[in-house]
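Engineer: Got a predicted structure plus its sequence, pasted below:
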Amino acid sequence: MRFLVVSREFPPVVGGIGTLTRNLIEGLVRRGANGCVLTTASGAASRVPNGFSTVTVAAGARSKIQEAMALWFQICFLWRRDKPEYVLLMAWTVEGIACRLASLFFPIHYVVFVHGTDILRNSSRWRTRFLMKWVIDRADLVVANSRFTAAAISDVSAWREKVSVIHPAVSVGESTALELSEIEAQLNLAGRLVLFTAARLIRRKGQDRVISILPRLVHRFPGVVYVMTGNGPYKGELIERARQCGVSDRVKFLGDVSAKELDALHRRADVFVSPGFFDGGDVEGFGIAFVEAGARGTPVVAGRCGGIPEAVLDGVTGVLIDSANDNELYEALSRLLSDGELREKLGAAGRKRAEELAPARVAEDLLKELVGVKKRSRVLGS
């Protein structure tokens, strides 16, 4: 099967949608598919798996309308050139609007991927709600990353039968012993208990909650440190929170790191923690980072909200807590930091959970859904 995949995000640009897209393409290639990736992310060509070509549209300082028109032109050109069976739109917004415009001129079949926040943030504004329905109602299939997101999109669109839940694929590299030792030496982690968060530095990820209870953890576990990667608008406030709590020497802000460094940090961590919460329309639709942590054998402590309970199996791959309750967060972390056997048990279950979301398996689920779409189309057309 041949695809045109349209995503403004793609590695090396950091972002959950880019990671999802890259992992999905890896799985599609393993299932014998091929096609082309259309993106605005510079450097993407070096990260696209063999079997897919790359077309990059320079985003520069363009507005979203200009980006949409540039993508529209390329979608029209690539569809005429390659005749893909389906266009996979990794977001309904700019990518979706561009493809919907193209479908006015060509009989394009397309699939829209939805993620949670992209639905909830826009469903209350009549202009964006209209555009969202305009894009989604024409789609052959809507892929939601969780049952939580599927419920949200079903409330927006009348085409509930088009929505299928397919959890994002997880692809994991291998760290060498040398890389792990380098990380330990660089960050002075030898003999330490390491809490780790890999996420954008924004309010809903809950890094501030971890910093707030860190003094209590340090009192009970003198060797504990908190390492976080990522950047974002909340960084200044997090640095100030660490200073106010007197734990600046225990919190390490690493910013954006390479894939190898991220992998090594996951494997070195004792607990992956991200007590996310619902921040207005901003919410975790699934939480691929939790499954990525589990894939490295790292247990997880996460907030019980949005689609997170589908990524973190409570009591199996990690512990879910009420993010607003600092005592619950403290108790969950204390329990895991004090019990190595429990960490090993949850970590082993996390590895098995990640195997269920291997790229080839997720791609197979998508291909099966598309076969079902074709069958339904034939029935309706007969």
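Structural biologist: That came in fine, so what should we check first?

Engineer: Does A358 touch G27 like I think?
Structural biologist: Yes - the pair formed by A358 and G27 meets the contact definition of Cβ atoms under 8 Å, at 7.4 Å. C-betas here are computed from N, CA, C, even on glycine.

Engineer: between those two, which one's more packed in?
Structural biologist: When neighbours are counted by other Cβ atoms under 10 Å, A358 and G27 differ, and G27 comes out ahead with 23 against 19.

Engineer: so when I look at the more buried one, I'm seeing a helix, right?
Structural biologist: Yes - residue assignment for G27, taken from DSSP: H, G, I helix; E, B strand; the rest coil, places it within a helix.

Engineer: Let me see the contact set for it.
Structural biologist: Under the criterion of Cβ atoms under 8 Å, 6 or more residues apart in numbering, the contact list for G27 reads A169, A358, P359, A360, R361, V362, A363, E364.

Engineer: quick one: which of the residues you listed is most hemmed in?
Structural biologist: With neighbours set by other Cβ under 10 Å, the maximum within these is found at A169, which has 27 neighbours.

Engineer: which residues does it contact?
Structural biologist: Taking Cβ under 8 Å, 6+ apart as the contact definition, A169 lies against L20, N23, L24, E26, G27, L357, A358, P359, R361, V362, A363.

Engineer: now, which of these sits nearest V114?
Structural biologist: Proximity to V114 was ranked across those by Cβ to Cβ; first place goes to L20, at 11.5 Å.

Engineer: Would you list the phi and psi of the closest one?
Structural biologist: Torsion angles at L20 (phi, psi; degrees, to the nearest 10) stand at phi -60, psi -50.

Engineer: What pLDDT does the model give it?
Structural biologist: Model confidence at L20, expressed as pLDDT, equals 93.

Engineer: ditto for F196
Structural biologist: With respect to pLDDT, F196 has a value of 98.

Engineer: pLDDT weak spots in this structure?
Structural biologist: Low-confidence segments of the chain, defined by pLDDT under 70, span residues 60-61, 155-159, 173-178, 280-281, 377-382.

Engineer: re the thing from before, which of the contacts of G27 fall within helices?
Structural biologist: Of those, the ones assigned to helices by DSSP state H are P359, A360, R361, V362, A363, E364.

Engineer: From E292, how far out is the fourth one?
Structural biologist: Taking Cβ to Cβ, to the nearest Å as the measure, V362 falls 14 Å from E292.

Engineer: Same check on the first one?
Structural biologist: Computed as Cβ to Cβ, the P359 to E292 distance reads 13 Å.
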